[in-house]
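>>> the following block contains a protein sequence and its predicted model.
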Amino acid sequence: MTPANPAPFGSNNDYLLAELRWLEYLLQAEIIRARSSPEVGRQELFRGMYIGDREVDRLLRQETTESDAKAAALRRAANAVRADIEARTAASIEQGVALALPHLTALFGLTPFETRVLLAALAPEVDAKFGTLFAYLQDDATRRRPSVDLAIRLFVDPTQRLETLAAFSHHATLPRLRLLSGFHASNDPLPNRTLALDALVVSALLGHQGLDPDLMACVNTITPDLALAELRWDADLRRRLLDMTVSFGETAARSQSRLVIHFHGPTGTGKRTLAAAVCRELGVPLVRIDLRAILARFENFEQALFILLRQALVERSAVFLDHFEAVTGDEGRASEHRKSICRSINELAWLVFVGTETAWSPADLFRPNHTVSIALPPPNLAERRRLWEAASAERASAAAPFAPDIDWGEIAVKFRVTPGAMNAAIDAAAAAARLRDPRCVAVTAEDLHRGLYAQSKQKLGALARKLTLRHTWPHIVLPANARAQLRELCAQVRHRHTVFSDWGFDGTLSVGKGLCVLFCGQSGVGKTMAVEVIANELSLEVYKIDLSTVVSKYIGETEKNLSRVFQEAESSNAILFFDEADALFGKRSEVKDAHDRYANIEINYLLQRIEEFEGVVILASNLRKNIDEAFSRRMQFVIEFPFPDVAHRYGIWKQHFPADAPIGEDVDLTYLAERFTLSGGGIKNVVVNAAFLAAAEGRPIRMRHLIHATRREYEKTGRLCTENDFGAYHASLAS
């Protein structure tokens, strides 16, 4: 008789031992029943090839009997044990004792018979005695696992045999969820098929975690660092997410539908962090499954994913499917992988998060499940500044805090990074600081810049060339107005946080928050040098776009390449420099044929992309009038680089002679500036070529070397060299 207040099981092991005792009673009764039939063919000649009565008696520690009364008594004892187990199981669940088999029963909606099949299949995995008993009852020393027939004999009334066989059909729970290993791969008649558990199911029933290393490499548990209320997302989004998941969780047990939440946004925006915080509020773990890793490691994608999802469900975890882009392509295999994901979700999941970088639409992929798609954009300027300041305050007690002179507003403007990249950059900056000085007492702005650039995606190298920044303000010679405009340009980058964030202009502009600049002037007047000066002043990198890799004759390819350029520039925090911009930003023409129409489409796409880009774009053109007026209207600065006059040419001549260069006393820079109308680039060429002429003679740079190099520069550009051009120095050209 079951006590009024049954004691709960102390552990999962205690529970399993009780279940195995109950199973042993049933086996004893079945052995007695089997012995009541005459043995056929068992003779001493075959000793060792079958299980004899004496061996069974030894295992059960009882005398052999064929009494029906004894079998009935064993059945009654088994029923009493069963009732006690049921009562103690209920008490254990009420007190929160984790019992694996009841958990799987509730989780997968198993019938009592299916639960007992799992118990019978588990028995020989934990005690070899049961293997021997199963072999005896099946009259085969090699069959140490139970068969379907034996399970029915043990657990089912004979009159229900045919109905019970339905539990082993393809669509039944045990085979469908692959709880039984290789069940439908057998060609044996259904009653003779062996009941063997999947290895992971064995581990789960024993309370262990048993994924193999390859599977473990594709999955990890996400531990939330912050509560949902502490995240940067607005309160309305947080509330809606929580309400949705809570209400869905309450109806999930009664509904066959699953909840799929699709987060899309750049890497590091916090997709996994937000999902983990939601799960923390729900009180459930969150498991991340890396689809890209599964594809790389496993030939059978569906099987690996199925096992991981089943394991997550056993552990009562929600699931985050990461790197979903790996299966969003159009090729046949990607489509099959998506179908596999849907089938596995329908079978094994209840709350699923999907993460992608782009706003890919799953459309009807997850039907009939409830699907919600939510954009998680990177932090805007105000949010970046707030996150940086919070990180600085958090690090104040560290061994090497941030230096007090770091301008977080400026950092927020220059580096459009996600929270994930911020954290990685801080770690990299601290490491750089220790490398610079093992006794480092503060992380400087320079350390932080290094850390930030280390996190940037430098994929722009395939479409652009990173400029080496050698020039600063003392190197550039320009009229006062052009120089002032360059200073104003730098100030706009530095103080964007004040204007957009502090003064509220960010809320009045939906696009056009970036800085688009046009440099106009002849070749060699200093446009590229000015770009280097600006980049050095702002501590930013510059990528010069290689038009040969961007512009394509194939329709639509140019737009794709440009999209990649701007997308990578967003994450690389770099200045985009389009030299000879006329090729891309030229005037739209009257549409006369398909080529004109698609050329205009490219320009329209560029207009849209430049407005959306929040970084710095610099265009350089020889003629301002060659640029489409629509681009000109979107320019914050149009800076003219005039051909240098005499005074500026003198400064350029002087600037191009390094301090260590040996210069002859006869060099007359005033004469050179007044006599030769060369651009800054031309002057640079003359000075360098003259230096090589002098080095070849082993002498300092003399006036005749400069005159000779000037003639070569004239010849290169197709200009005639007359006696009037070189005046008194013309005679030196003959030598």
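Yes, it's here.

>>> for the stretch 251-400 of the chain, which residues score under the pLDDT cut-off?
Applying pLDDT under 70 to the stretch 251-400 of the chain picks out residues 251-257, 330-332, 361-364.

>>> swap the cut-off to 90 and go again
251-260, 264-270, 282-283, 298-300, 302-303, 306-317, 324-351, 356-373, 377-400 (pLDDT under 90).

>>> where do the strands of it begin and end?
259-264, 286-290, 318-322, 351-356, 370-375 (DSSP state E, counting those that start in this stretch).

>>> now stretch 560-570: mean pLDDT?
For stretch 560-570, the mean pLDDT works out to 76.

>>> show me what whatever helix or strand residue 432 lives in is packed up against.
Element membership for residue 432 (DSSP states H and E) is helix 419-436. Applying 3 or more Cβ pairs under 8 Å, 6 or more residues apart in numbering; DSSP states H and E, one finds that helix 419-436 contacts helix 381-394, helix 445-455. For every residue, glycine as well, the C-beta is placed using N, CA and C.

>>> give me the angle between it and helix 381-394.
Angle of helix 419-436 versus helix 381-394, following axes from the mean of the first three to the mean of the last three Cα atoms, to 10 degrees, is 40 degrees.

>>> what residue spans form the domains of the chain?
12-208, 214-375, 381-455, 473-640, 646-734 (automatic domain parsing).

>>> so can I have TSV of the helices and strands packed on helix 419-436 showing distance to residue 502 and mean neighbour count?
Output for the helices and strands packed on helix 419-436, formatted as TSV (distance: least, Cβ to Cβ, whole Å; neighbours: other Cβ atoms under 10 Å):
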stretch	distance to residue 502	mean neighbour count
helix 381-394	8	17
helix 445-455	20	20
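
>>> what about the ones you listed, which gets the closest to residue 179?
Proximity to residue 179 (Cβ to Cβ) singles out helix 445-455 among these, at 44.3 Å.

>>> on contacts alone, who are the packing partners of the helix or strand following the closest one?
Moving toward the C-terminus from helix 445-455, the next helix or strand (DSSP H and E) is strand 464-466. Here strand 464-466 touches strand 541-545, going by 3+ Cβ pairs under 8 Å, 6+ apart.

>>> the strand it packs on pairs with which strands?
strand 464-466 (antiparallel), strand 574-578 (parallel) (DSSP bridges).

>>> confidence-wise, which helix or strand of this structure is lowest on average?
In the chain, the helix or strand scored least confidently by mean pLDDT, DSSP states H and E is helix 53-60, which has a mean of 62.

>>> on that earlier part again, between the domains of the chain, which gets nearest to residue 465?
Nearest to residue 465, of the domains of the chain and by Cβ to Cβ, is domain 473-640 at 4.9 Å.

>>> just give me how far that closest one sits from the chain centre.
Centroid displacement of domain 473-640 relative to its chain, using Cα atoms, centre = their mean, to the nearest Å, is 30 Å.

>>> give me the distance between the two termini of that domain.
One end of domain 473-640 sits 17 Å from the other (Cα to Cα, to the nearest Å).

>>> swap in stretch 522-541?
Start-to-end, stretch 522-541 (Cα to Cα) is 25 Å.

>>> pipe the strands of the stretch 251-400 of the chain into TSV and attach distance to residue 533 and mean neighbour count per row.
Supplementary listing: those in TSV, determined by distance: least, Cβ to Cβ, whole Å; neighbours: other Cβ under 10 Å:
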stretch	distance to residue 533	mean neighbour count
strand 259-264	39	23
strand 286-290	44	22
strand 318-322	43	26
strand 351-356	40	24
strand 370-375	38	15
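
>>> so can I have TSV of these showing distance to residue 382?
Listed next are these as TSV, based on distance: least, Cβ to Cβ, whole Å:
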stretch	distance to residue 382
strand 259-264	22
strand 286-290	29
strand 318-322	28
strand 351-356	25
strand 370-375	18
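
>>> please identify which of the ones you listed is closest to residue 181.
Judging the strands of the stretch 251-400 of the chain by Cβ to Cβ, what sits closest to residue 181 is strand 286-290, at 21.9 Å.

>>> who does the closest one touch, helix- and strand-wise?
Counting by 3+ Cβ pairs under 8 Å, 6+ apart, strand 286-290 packs on strand 219-222, helix 271-282, helix 301-314, strand 318-322.

>>> deepest-packed of the ones you listed, please.
Scoring the helices and strands packed on strand 286-290 by mean neighbour count under mean count of other Cβ atoms under 10 Å gives strand 318-322 as the most buried, with a mean of 26.

>>> now the helices and strands packed on strand 286-290 in TSV, with distance to residue 141?
Below are the helices and strands packed on strand 286-290 laid out as TSV (distance: least, Cβ to Cβ, whole Å):
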stretch	distance to residue 141
strand 219-222	40
helix 271-282	50
helix 301-314	33
strand 318-322	44
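
>>> of all these, which one comes closest to residue 102?
helix 301-314 (12.6 Å).

>>> thought residue 443 was touching residue 431?
No: in this structure residue 443 lies outside contact range of residue 431 using Cβ atoms under 8 Å: 9.7 Å.

>>> which of the two has more neighbours?
More crowded of residue 443 and residue 431, by other Cβ atoms under 10 Å: residue 443, with 25 against 15.

>>> report the contact partners of that one.
395, 400, 401, 402, 403, 426, 429, 430, 433 (Cβ atoms under 8 Å, 6 or more residues apart in numbering).

>>> of these, which pair is most distant in space?
It's 403 and 426 that sit farthest apart of the contacts of residue 443, by Cβ to Cβ, at 13.1 Å.

>>> any idea which helix is longest in this structure?
helix 68-94 (DSSP state H).

>>> tell me the buried residues in that helix?
In terms of neighbour count (16 or more other Cβ atoms under 10 Å), helix 68-94 has its buried residues at 71, 74-75, 77-78, 81-82, 84-85, 87-89, 92-93.

>>> still on that earlier bit, and the helices and strands packed on helix 419-436 as JSON lines, adding distance to residue 174?
As requested, the helices and strands packed on helix 419-436 are arranged in JSON lines below (distance: least, Cβ to Cβ, whole Å):
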{"stretch": "helix 381-394", "distance to residue 174": "50"}
{"stretch": "helix 445-455", "distance to residue 174": "48"}
